[in-house]
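>>> Fold the following and give me the result.
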Amino acid sequence: MLDHLKAIPPDPILGIITAFSKDTNPRKIDLGIGVYRDENGDTPLLRCVVEAEKQLMSCQTTKTYLGPAGVTGFNSAISRLAFGTGSEALAEGRIRTVHTPGGTGALRVAADLVKAANPAGTVWASDPTWPNHLAIFPAAGLAMESYPYFDRVNSSLRFEDMMDALSQRRPGDTVLFHACCHNPCGVSPDENQWVAITDLAAEKGFLPLIDMAYQGFERGLEEDNFAVREFTRKCPEVIVTTSCSKNFAVYRDRAGAISIVAGTQQKADDVESVINALTRKNYSMAPAHAPAVVDIILHSEELSSLWREEVAGMRNRINGLRATLVEKIRESGVPRDFSFLQRQSGMFSFLGLSVEQVQRLREEFSIYTVDSARANIASFNSGNLDYFVAALRTVLTN
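From the prediction side, this is the model:
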């Protein structure tokens, strides 16, 4: 039977990892992989995570299975982090959070949940969106469509076009939003625009599904959940997926969560039971280590304070890199305005290069991005910025 299967081309990001690892150029730069890097090019363990792991190892007495919902302390802490301690829906018991294997696991559970609730439903995602979104939801048997989002000419938000498209959505539709730090374009609505979007969602009755993979990397941990809280305040039903990969830097330990907001406490219980049945058929039980670490951090005043400090450090470094990159490009005489990079946020932005220019960067300078020219800004540092800017100038002028 397996003889009939054909090889599938590797994911573009995975292909870049392979090509980069084989490249012998000592000046090579990987702008593709979506992980935070520090000034030394490393993805470090956060100090709060190291300390929490020590505490966990000193008191852990078993590796037995958890219940279907996972680490309960993690779930309650993530609920408060996402929705706020003053959330009315949280106080009314209308929110349920279940920990999952990473944010991707949360998205797949969300897809299965939407499929169970409305088998003929359609999920609408921004154009562009994280490429894996376009695989996860169809894999669950859901139809997908896109709504206008990114203006590639001006590197800005197509707000009016987006609102026109969303005004045509109806009950039964699910609309996927990025809470902050849009991946891949780095462009987010401002607070006034979020207010208008959430008002429209309440009016039209579609189901908001908010993917919050980078909380704390745009403006701040509280500021970055503005959209989540507006949707929750106005809409009777909301799904939120969260990831701890970036803001806790526990990437390969896979910690994420799905949260649902329901109209009543009883309905929240009903939906949680459906989620538990879905996960049982999928991965059965979620991993415990990283959620247990996050649980310790978020329930320790000292470690929580350290974590917030470390998240702010990562965010400020990325924002500083954006400003420095824009200034160096301007000073180099590159015949194009890249000031949009400083107006965007998070780890990712499109550089606005053609496929041919991306290939030249790769072949002539060992600078690796995917063909869309999405760049991970966190991969820059003081040792490679000048080299990148010189290569960019060559590609754009010769």
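
>>> Pop the domain breakdown of this structure in here.
11-45+316-397, 65-299 (automatic domain parsing).

>>> Pull the distance from the shortest one to the chain's centre.
Meaning domain 11-45+316-397. Computed by Cα atoms, centre = their mean, to the nearest Å, the chain-centroid distance of domain 11-45+316-397 equals 19 Å.

>>> likewise the longest one?
Relative to its chain's centre, domain 65-299 lies at 10 Å (Cα atoms, centre = their mean).

>>> what about stretch 207-224, how long is it end to end?
The straight-line separation of the ends of stretch 207-224 (Cα to Cα, to the nearest Å) is 20 Å.

>>> Got the confidence number for Phe20?
We have a pLDDT of 88 for Phe20.

>>> how close does the residue lying closest to it once chain neighbours are set aside sit to Ala19?
Nearest non-adjacent residue to Phe20, counting by Cβ to Cβ, 6 or more residues apart in numbering: Asp30, 4.7 Å away. In this view, the C-beta of every residue, glycine as well, is placed from N, C-alpha and C. To Ala19, Asp30 is 9 Å away according to Cβ to Cβ, to the nearest Å.

>>> so who does Ala391 touch?
Leu361, Glu364, Phe365, Ile367 (Cβ atoms under 8 Å, 6 or more residues apart in numbering).

>>> Just the element for it, please.
According to DSSP states H and E, Ala391 maps onto helix 385-397.

>>> Ok, Val370 next?
Under the criterion of DSSP H and E, Val370 resides outside all helices and strands.

>>> looking at it, it is touching Ile16, isn't it?
Yes. Applying Cβ atoms under 8 Å, one finds Val370 in contact with Ile16, separated by 6.5 Å.

>>> list residues touching both of those two?
Common neighbours of Val370 and Ile16, using Cβ under 8 Å, 6+ apart, are Gly32.

>>> Quick check: which of the domains of the chain has the most neighbours on average?
Most buried of the domains of the chain, by mean neighbour count (mean count of other Cβ atoms under 10 Å): domain 65-299, with a mean of 20.

>>> Between its first and last residues, how far does it reach?
22 Å.

>>> what mean pLDDT would you report for that domain?
Domain 65-299 shows a mean pLDDT of 96.

>>> before we move on, the earlier item: put together a markdown table for the domains of the chain, with distance to Glu310 on each row.
Formatted as a markdown table, the domains of the chain follow (distance: least, Cβ to Cβ, whole Å):
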| stretch | distance to Glu310 |
| --- | --- |
| domain 11-45+316-397 | 9 |
| domain 65-299 | 8 |
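
>>> Which among the ones you listed is found nearest to Leu2?
domain 65-299 (20.0 Å; Cβ to Cβ).

>>> can you pull out the helices in the stretch 251-398 of the chain?
For the stretch 251-398 of the chain, the helices defined by DSSP state H, counting those that start in this stretch occupy 265-282, 289-298, 301-332, 340-343, 355-365, 385-397.

>>> what's the closest of the ones you listed to Ala7?
helix 355-365 (22.8 Å).

>>> Give me the contact list for that closest one.
By Cβ under 8 Å, 6+ apart, the surrounding residues in contact with helix 355-365 are 19, 25, 27, 353, 367-371, 373, 387, 391-392, 394-396.

>>> That one versus helix 385-397: what angle between them?
Here the directions of helix 355-365 and helix 385-397 differ by 130 degrees (axes from the mean of the first three to the mean of the last three Cα atoms, to 10 degrees).

>>> Show me which of the contacts of helix 355-365 is closest to Ser58.
Tyr368 (41.4 Å).

>>> OK, contacts around that closest one?
Tyr368 neighbours (Cβ under 8 Å, 6+ apart): Ile16, Ala19, Phe20, Asp23, Lys28, Ile29, Asp30, Leu31, Gly32, Leu361, Arg362.

>>> And what about the residue lying closest to Tyr251 once chain neighbours are set aside, helix, strand or coil?
Excluding the flanking residues, the one nearest Tyr251 by Cβ to Cβ, 6+ apart is Ser245, at 4.6 Å. At Ser245, secondary structure determined by DSSP: H, G, I helix; E, B strand; the rest coil is coil.

>>> roughly how far apart are Ser245 and Gln55?
Ser245 sits 21 Å away from Gln55, taking Cβ to Cβ as the criterion.

>>> next one: Ser188
Distance, Ser188 to Gln55, using Cβ to Cβ: 35 Å.

>>> and what of Met285?
For Met285, the distance to Gln55 (Cβ to Cβ) stands at 23 Å.

>>> ditto for Glu327
Distance, Glu327 to Gln55, by Cβ to Cβ: 43 Å.

>>> Export the helices of the stretch 251-398 of the chain as a markdown table, with columns for distance to Ala135.
Formatted as a markdown table, the helices of the stretch 251-398 of the chain follow (distance: least, Cβ to Cβ, whole Å):
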| stretch | distance to Ala135 |
| --- | --- |
| helix 265-282 | 16 |
| helix 289-298 | 23 |
| helix 301-332 | 27 |
| helix 340-343 | 28 |
| helix 355-365 | 21 |
| helix 385-397 | 30 |
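
>>> now for those, which one comes closest to Glu39?
helix 301-332 (7.6 Å).

>>> which other helices and strands contact that closest one?
Other elements packing on helix 301-332 under the criterion 3 or more Cβ pairs under 8 Å, 6 or more residues apart in numbering; DSSP states H and E are helix 47-59, helix 289-298, helix 340-343, helix 385-397.

>>> That helix versus helix 47-59: what angle between them?
150 degrees.

>>> Could you number the chain from 49 rather than 1 from now on?
Got it, the first residue is 49 from now on, which makes the last one we talked about helix 349-380.

>>> re earlier: need the contact list for the residue nearest to Tyr299.
Gly150, Gly151, Ala261, Tyr299, Arg302, Ala303, Gly304.

>>> May I have the residues that are in contact with the third one?
The neighbourhood of Ala261, defined by Cβ under 8 Å, 6+ apart, consists of Gly151, Trp178, His226, Cys229, Asn231, Thr289, Thr290, Ser291, Ser293, Lys294.

>>> can you redo those residues as CSV with distance to Ser135?
Below are the contacts of Ala261 laid out as CSV (distance: Cβ to Cβ, whole Å):
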residue, distance to Ser135
Gly151, 21
Trp178, 26
His226, 21
Cys229, 22
Asn231, 26
Thr289, 17
Thr290, 15
Ser291, 20
Ser293, 24
Lys294, 23
